[in-house]
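Asks: no sequence on hand, only this structure:
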């Protein structure tokens, strides 16, 4: 992807999205993963419509964030969005040095795109049971155990 090439399209299927003041929370139901996008990453994700270019996105970010933004910052965000499967993947995204960008944007480090990920267990994995010697009652005993206030083997 060149700096004038169009940004990929955002993925919208099987996502639960909640926008907050300075971040966007995304739950990926396909991957059972919760993601937290900072303002910069969320804005780039919104720009990923298959029509906007990295240069156009950089100009919009710069006006919204009131800090200097170049296309490398947008491309880094797109690379992260690809990594977390939030946009269509593109084999053409150029390599961007995160270290170089951190040094470049040190005075305005809040502009750097950040995505945090938390893997969430599927419902069956999230269910818990009490094992031998553990209190039971509201929590059922694990298979092979009975409850008389404390789980014990069958």
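Replies: Sure, I can see it. Only a predicted model underlies this, so the values are computations on that prediction, with no experimental measurement involved.

Asks: make it CA atoms for all contacts and neighbour counts henceforth
Replies: Fine.

Asks: give me the pLDDT value at residue 15.
Replies: The model reports residue 15 with a pLDDT of 94.

Asks: center of the chain, which residue is that?
Replies: In the chain, the centroid-proximal residue (C-alpha atoms, centre = their mean) is residue 35; its distance is 3.1 Å.

Asks: which residue, other than its chain neighbours, is closest to that residue?
Replies: Counting by C-alpha to C-alpha, 6 or more residues apart in numbering, residue 117 is the residue found nearest to residue 35 once chain neighbours are left out, at 4.5 Å.

Asks: pretty sure the one you found contacts residue 38?
Replies: No. Between residue 117 and residue 38 there is no contact under C-alpha atoms under 8 Å: 11.7 Å.

Asks: more neighbours, those two?
Replies: Neighbour totals were compared for residue 117 and residue 38, and residue 38 leads with 21 against 14 (other C-alpha atoms under 10 Å).

Asks: what residues are bridge-paired with the more buried one?
Replies: Note on residue 38: beta-bridge partners by DSSP bridges are residue 23.

Asks: test my guess that residue 114 contacts residue 37.
Replies: Yes. With contact defined as C-alpha under 8 Å, residue 114 reaches residue 37; the gap is 6.1 Å.
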